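Participant: Everything below, folded, please.
(2 chains)
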2 protein chains.
Amino acid sequence: MSSSFEGIPEYGKDLIARFMRFFRPRNVAVVGASREPGKVGYAVVKNLIDGGFKGKIYPINPRATEILGLKCYPSITEVPDPEVDAALISVPAPLVPEVIPSLAEKKVPVAVVVSSGFAEAGNPELQEKLVSIARQHGIRIIGPNTYGVYSPWYSLSLSFTIPYEHKGHLAVVCQSGGVGMAAFGYARWKRIGISINVGLGNMSDIDHTDLLWYFYADENTKAIALHMESIKDGKKFIETARIVSKKKPIVILKAGRTAYGEKAAKSHTAALAASDEIINAAFKKAGVIRAYALDELFDIGRSLAMMPPPKGENVLIVTMAGGLGVLLSDASYDNNLKLMEAPQDLVDEFKKFVPPFGAFGNPMDITGSCTPDMVERAVRLAIMHPKVDAVIIGHWHTIITSPMEFAKAVVDAVNEARGKGVEKPVVVSMSGDIPETLQAVDYIETKANVPTFFVQPERAVRVLGALYQWARYAGILRK
Amino acid sequence: MSSSFEGIPEYGKDLIARFMRFFRPRNVAVVGASREPGKVGYAVVKNLIDGGFKGKIYPINPRATEILGLKCYPSITEVPDPEVDAALISVPAPLVPEVIPSLAEKKVPVAVVVSSGFAEAGNPELQEKLVSIARQHGIRIIGPNTYGVYSPWYSLSLSFTIPYEHKGHLAVVCQSGGVGMAAFGYARWKRIGISINVGLGNMSDIDHTDLLWYFYADENTKAIALHMESIKDGKKFIETARIVSKKKPIVILKAGRTAYGEKAAKSHTAALAASDEIINAAFKKAGVIRAYALDELFDIGRSLAMMPPPKGENVLIVTMAGGLGVLLSDASYDNNLKLMEAPQDLVDEFKKFVPPFGAFGNPMDITGSCTPDMVERAVRLAIMHPKVDAVIIGHWHTIITSPMEFAKAVVDAVNEARGKGVEKPVVVSMSGDIPETLQAVDYIETKANVPTFFVQPERAVRVLGALYQWARYAGILRK
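Facilitator: Next comes the predicted model:
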């Protein structure tokens, strides 16, 4: 552990060390691997292979010699390596506790239990037994009853669902299989780059707090999105989040925050939900950003992972339509952003090429009559101005500038600024016909890594607001 | 006018009569039609033709004999028909007022002025002159500086943008060209059926209030979505909305509702914004549903136009994933929906086929292990139960039931119920991989006309909440 981990409690250091092995494994054992397609133990091995895992894969099954072309072992104790970095268990629930001691022999730091039939099926005793044995043997448990974990930078798809292909900088934790699958569907739709995805399942042992320590240390993780139904130890979570969110933004969708939701959560996980007001106060104290909808969680998460940190509070709106400028302004107010007074020298520059029926303030309304060149000039001027700290760009589809021409103008201006060492948060709202506008949205996100939203001006501003909420907490803004 | 218009003020009856001609015209004149592709006066004539307008089209241009194969007239006074039902004016701004008297000769009820160069360009006097002359001649004006109007049931695309192809039951009004184009992009993306779309442009004369009367009378309009930056006469609007929303739901995105937005709106339209608190109180009094984001406006609007009215307050959630059930429950609470106590006989029916690790309450968690048959059975049971008034369905992608199998199960169950005369509001939240989940969303919306949302459980509940807000105001719920 490097000196940057000073101030981290011992258990945090222990978790980081464990997860550094587990999420970046040299080898993986699948206890309960199967030769039968359709079985979970088969799907897991197949996903490891299909996901392109570079290390050794050890299928464990006493009744098989080979699975999917890989040599099979009767027990994990028989594998040639002295240590195994990651294990997944998919044997029937009653057998899971018995497997644990064998993992200890190979110094497995963390085991994922995908088997179901524990607390969620009315067997809390079996789950307690599992945790107790794991604790005795120094092994930490993810699950049981989880879809598994993903570590795309290390080509690790340790799950019975399909591999995830986009590696990136957002760490995602889901305390529900259904929400986890929603996360993957959404992530594939938006091509969200993921650093880690963990399904907590029944959360018998490893919880959000434990994972935060690894995300803190993981150089591939820039932002953290958590779906949370319950907190095991609220105080510990808040203490951890306070430290972690000084370094990396955390956004949380707290499910079960209302009377109805709490009732549903109890029937679902038997977990006790805290009062929403207490949670809200605690989250604020810890610099945690709160999302109130599933798509908002993912949108904020992915955008936080894309944007550079802002240096100051001065936000400028550049819009091609006055009406969108109004919506973007309302959203800026709602999200506690500071719409700066437009600097006079910048106004003068805009007046050189924007028609007089534009508006030369903030929003800077360059009107729907602007050509691709004018769009690029406007975006470049806004980003390059030394007093502007972040830019919101509003687009609407006109016959003068096609959505793709607009997209190229934005990408060129943003990348040109980057080439000059100018990195500022930029968000884009696009509105227009399909499919061309959707293609242009993709182009901007792919080529310039700038969060871009289709017919969602308020969401574009929301993600910038989230970034600023974090930046204020982290104390990185110019005074 | 039929007797159902009793209680409508005289000016309302006058507007209905005008708009009944204007939005369902026997003939249309385009004053300022052009032979040159790229010109607005050319695009308008082309759109009328491309849109499949069945009535007569009269291009007006003193310097042309034929435009796009249509006979051209030097003045509207020369067209053979004694009356012209709709006129669009695209001559240069200073000439617009001069055109008005000629329209009066043909008893034009309403004229759309797409020309710009009025108040938005610093010429409020010209705009006042236009309105004053129009008033003298008994003509009402939409615009100036607008993209135009669409009346898809009458194949009328009276605009310089492209025709809109999906006719349906949502009336849309946009007080901004950029927002109007956003509305079209979104509408094409979601294939929203539109009854009317009007761009108010500078709103020199015809405003939201005036249009409400036509929407009230129009049998093709089931729901109304308004983008509003300013209200000319707040009292009149509220009095009108109170009457109209007893019959049809109205959802409004009020732009310029914050200090920033108001400032932006002033620079954009020179319109004076009212205090947001006053607006909120007035909207509530008038039964108006408020949206706070552009996509929320369209989502609520289209869903209101799709769903049948509910008969009572009892809402049931049927979910395939406990975690989504929690999110749907939170959203139900937020949207003031009543999650009923699950009736015992319904619980008994579910216990016959749902695994014991499901949850038999509200949410009714049928688990991710259910087959397509089980999904269909569950949805049918929920919809058909006499005590259930509305159903929220939560889906997540499993290997047991593909998204399309789920979609077919829902469509079959909903349509079977309809065949038996059982019409209840149903909303669906789907979460899973693309493209199959997106295809399934489309399938449900197209085949069963049920609002279905991808990775937006909260939005699915939001639109149902909006329907209930309206139903309570309209007084249609069982006591």
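
Participant: Show me how chain A divides into domains.
Facilitator: Chain A breaks down by automatic domain parsing into domains covering A:3-304, A:309-474.

Participant: Which one, of those domains, ends up nearest to B:Gly432?
Facilitator: Of all those, it is domain A:3-304 that lies closest to B:Gly432, at 4.6 Å by C-beta to C-beta. Quick note: C-beta positions are derived from backbone N, CA and C, even for glycine.

Participant: As TSV, the domains of chain A with mean neighbour count would be great.
Facilitator: Listed next are the domains of chain A as TSV, based on neighbours: other C-beta atoms under 10 Å in any protein chain shown:
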stretch	mean neighbour count
domain A:3-304	21
domain A:309-474	22
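
Participant: Go through these and name the closest to B:Gly368.
Facilitator: With C-beta to C-beta as the measure, domain A:3-304 is the member of the domains of chain A nearest B:Gly368 (6.7 Å).

Participant: Please work out the average pLDDT along that closest one.
Facilitator: When pLDDT is averaged over domain A:3-304, the result is 94.

Participant: near chain B at all, that domain?
Facilitator: Yes. Domain A:3-304 is in contact with chain B by C-beta under 8 Å from any C-beta of the partner chain, via A:116, A:120-122, A:162, A:174-179, A:181-182, A:184-186, A:188-189, A:227, A:229, A:253, A:255-261, A:263-265, A:267-269, A:292-295, A:298.

Participant: contact partners of stretch A:115-124?
Facilitator: For stretch A:115-124, the surrounding residues in contact (C-beta atoms under 8 Å, 6 or more residues apart in numbering or on different chains) are A:32, A:89-94, A:96, A:126-127, A:130, A:143-145, A:202, A:204, A:269-270, B:356-357.

Participant: out of these, which are inside strands?
Facilitator: A:Ile89 (DSSP state E).

Participant: which ones among the contacts of stretch A:115-124 are found in helices?
Facilitator: Among the contacts of stretch A:115-124, DSSP state H puts A:96, A:126-127, A:130, A:269 in helices.

Participant: quick revisit: where strands are concerned, which of the residues of domain A:3-304 next to chain B count?
Facilitator: Per DSSP E, strands hold the following members of the residues of domain A:3-304 next to chain B: A:174, A:227, A:253.

Participant: Show me the beta-bridge partners of the last one.
Facilitator: Same thing as A:Leu253. With DSSP bridges applied, A:Leu253 shows beta-bridge pairing to A:His227, A:Ala291.

Participant: Assess the claim that A:Leu346 and A:Ile383 are in contact.
Facilitator: No. Judged on C-beta atoms under 8 Å, A:Leu346 makes no contact with A:Ile383 at a distance of 11.1 Å.

Participant: just the ones in helices among the contacts of stretch A:115-124 now: which is nearest chain B?
Facilitator: Closest approach between the ones in helices among the contacts of stretch A:115-124 and chain B, by C-beta to the nearest C-beta: A:Thr269, at 7.1 Å.

Participant: list the contacts for the closest residue to A:Gly178 other than its chain neighbours?
Facilitator: Nearest residue to A:Gly178 in three dimensions, chain neighbours excluded: B:Ala321, at 2.4 Å (C-beta to C-beta, 6 or more residues apart in numbering or on different chains). Neighbouring residues of B:Ala321 by C-beta under 8 Å, 6+ apart: A:176-179, A:181, B:365, B:367-368, B:394, B:396, B:431.

Participant: Quick check: B:Ala321 vs A:Val179, distance?
Facilitator: Distance, B:Ala321 to A:Val179, by C-beta to C-beta, to the nearest Å: 7 Å.

Participant: In terms of secondary structure, what does the host helix or strand of A:Phe19 contact?
Facilitator: Per DSSP states H and E: A:Phe19 is located in helix A:10-22. Applying 3 or more C-beta pairs under 8 Å, 6 or more residues apart in numbering or on different chains; DSSP states H and E, we find helix A:10-22 packed against strand A:110-113, helix A:208-217.

Participant: same thing but 6 Å
Facilitator: If you count contacts as 3 or more C-beta pairs under 6 Å, 6 or more residues apart in numbering or on different chains; DSSP states H and E, helix A:10-22 packs onto helix A:208-217.

Participant: Give me the distance from the helix it packs on to the chain's centre.
Facilitator: Remark: helix A:208-217 is offset 13 Å from the chain centroid, using C-alpha atoms, centre = their mean, to the nearest Å.

Participant: Residues touching it, excluding its own?
Facilitator: A:12, A:15-16, A:19, A:171, A:173, A:198, A:221, A:224, A:226, A:228, A:236-237, A:240, A:244 (C-beta atoms under 6 Å, 6 or more residues apart in numbering or on different chains).

Participant: Same question for stretch A:467-479.
Facilitator: So stretch A:467-479 is contacted by A:246, A:249, A:287, A:289, A:307, A:309-312, A:425 (C-beta under 6 Å, 6+ apart).

Participant: ditto for stretch A:232-240
Facilitator: By C-beta under 6 Å, 6+ apart, stretch A:232-240 touches A:207, A:209, A:212, A:231, A:274, A:282, A:286.
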